[in-house]
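Peer 1: Give me the fold of what follows.
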Amino acid sequence: MDLILWRHAQAHEAEPGCDDLSRQLTAKGEGQAARVAKWLDRQLPESTRVLVSPARRAEQTARALGRKFKFRDELAPEASAEEALAFIQWTAENGPPHKGAVLLVGHQPMLGQIAARLLGVDEAACDIRKGAVWWLRSRQREEELRVHLLSVISPELI
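Peer 2: Numbering: from 1, shown residues only. Take a look at the predicted model:
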């Protein structure tokens, strides 16, 4: 299974009393989302499941891709890596239950925590920047689950 982690692009700072879920992308964030979406669209299999945080900034990021997606509370800003992994049914013992590709559009620190756990590294090593994509691939090799980091794409590099 391929697990693609896409952090929402740059959003406006939270205003006092503002609902965090309603924060929108800045003009720079819209450009970041568009550039990364164009790259992703060329790379992703057509059958990729796209799952998105209910936050407006994540929705705007995902919409740039132009594919169908589903909102998932398990990807909300306050959600945990455990909740997201449980939702996609990825266990430490067996990895993912199915093949194919899943794209998660969400937030830090959760996306970085997912990457760190699957790669077996310290969470501090997996700080996913705004608008960036981390592409992970899992494989069963001789009854051992292996997860590899295939690509890290930053909007500034596209």
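
Peer 1: Backbone dihedrals for E15, please?
Peer 2: Here is the backbone geometry of E15 (degrees, to the nearest 10): phi -90, psi 150.

Peer 1: ok, how many other residues are close to it?
Peer 2: Neighbourhood size, E15 [other Cβ atoms under 10 Å]: 9. In this view, the C-beta of every residue, glycine as well, is placed from N, C-alpha and C.

Peer 1: now it: how far from R57?
Peer 2: Distance, E15 to R57, using Cβ to Cβ, to the nearest Å: 14 Å.

Peer 1: same deal with R146?
Peer 2: According to Cβ to Cβ, R146 stands 33 Å off from R57.

Peer 1: The two: which is more packed in?
Peer 2: R57 (27 against 12).

Peer 1: any idea which element that one lies in?
Peer 2: helix 56-63 (DSSP states H and E).

Peer 1: and the helix or strand following that helix, which strands flank it?
Peer 2: As assigned by DSSP H and E, the chain's next helix or strand after helix 56-63 is strand 70-71. Applying DSSP bridges, strand 70-71 is found paired with strand 49-52 (parallel).
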